[in-house]
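Student: Give me a 3D structure for the following:
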Amino acid sequence: MIKKIAVIPARLEAQRFPKKLLQDLGGAPVIVRTYEAALRTGLFDEVIVATDSEDIYQTVLQYDGKAVMSTKVHDCGSNRIAEAVADMDVDIVVNVQGDEPFTNRGDLERLIHVFENDKDHRIDLASLMHPLEEESEIEDPNNVKVIVDHFHNAIYFSRSPIPYHRDKNVDIVIHKHVGIYAFRKEALMEFYKTKPTPLELAEKIECIRYLENGKKIRMVETSNRSIGIDTPRDLEKARLLWKA
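Tutor: I've put the predicted structure just below:
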């Protein structure tokens, strides 16, 4: 039996939208809505928020959620999660981004199935992607793009549009990376012990470190257009969707 937990890394001072996780979404803070969405799936043995913020910690507890305080300063979500689960007996760790309150069971279940079907333990991580159609979305550096091989393993992630569509006679689909990951615990702990890599630092995309260290990331395509709340405008979109 595979033991699975969901960890929601949460920091208060996000660069593009400070304190976004404490903003109201339908009567509760964004971080609480995300926690509730993960818990509601029923897929996990445990759901916890890992944070360096006393405000976020107390907010989650106020809504009867589970949270742990980071004891170290972390520069990325994977490291925060790794510290939180280091002493836990767990096989698969799912990173649910704190600003993804519309996370749904179907997507998380498909990520978990990647590992259930990977009997030889060849896959280290699994993550989500969906097609981008609007040129403005493709050009937006806030949308991380991913290219994959024929087996849906990630080749590279970038904030730039990839691949470069030089030959317009060739039909291509450009995919957005949705920042929800599932890790084998051992891959996560190895990441925790390594230093940031050059491409990771250049792009400011932490999952590139896994690729630069030879880890295999299986991408799962989804048709769900989750709204990640990176800006005040995203929050307004989320509020409209919440009311719908």
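
Student: what residue ranges in this structure score low on pLDDT?
Tutor: 225-226 (pLDDT under 70).

Student: Give the residue farthest from the middle of it.
Tutor: Distance to the chain centre peaks in the chain at Asn169, reaching 33.7 Å (criterion: C-alpha atoms, centre = their mean).

Student: residue ranges for the strands of this protein, please.
Tutor: For the chain, applying DSSP state E gives strands covering 4-10, 24-25, 28-29, 46-51, 67-69, 92-95, 125-132, 145-148, 154-158, 174-184, 217-221.

Student: from those strands, which stretch is densest packed?
Tutor: Highest mean neighbour count of those: strand 4-10, a mean of 26 (counted as mean count of other C-beta atoms under 10 Å). Any C-beta I mention is one placed from the backbone N, CA and C, and that applies to glycine too.

Student: Tell me the helices and strands packed up against that one.
Tutor: For strand 4-10, the elements it packs on are helix 30-40, strand 46-51, helix 77-85, strand 92-95, judged by 3 or more C-beta pairs under 8 Å, 6 or more residues apart in numbering; DSSP states H and E.

Student: close enough to count as contact, Gly26 and Lys243?
Tutor: Yes. Gly26 is in contact with Lys243 according to C-beta atoms under 8 Å; the separation is 7.4 Å.

Student: Need the helices and strands packed on strand 4-10 in JSON lines (columns: distance to Pro9).
Tutor: Listed next are the helices and strands packed on strand 4-10 as JSON lines, based on distance: least, C-beta to C-beta, whole Å:
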{"stretch": "helix 30-40", "distance to Pro9": "10"}
{"stretch": "strand 46-51", "distance to Pro9": "5"}
{"stretch": "helix 77-85", "distance to Pro9": "4"}
{"stretch": "strand 92-95", "distance to Pro9": "7"}
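
Student: Would you confirm that Val144 contacts Gly179?
Tutor: Yes. Using C-beta under 8 Å, Val144 is in contact with Gly179, at 7.4 Å.

Student: so how far is Gln15 from Asp230?
Tutor: 9 Å (C-beta to C-beta, to the nearest Å).

Student: Have a look at the two and say which one is more surrounded.
Tutor: Asp230 (17 against 8; other C-beta atoms under 10 Å).

Student: okay but that one is in contact with Asn142, surely?
Tutor: Yes. At 5.5 Å, Asp230 counts as touching Asn142 under the criterion of C-beta under 8 Å.

Student: Fine by me, thanks again.
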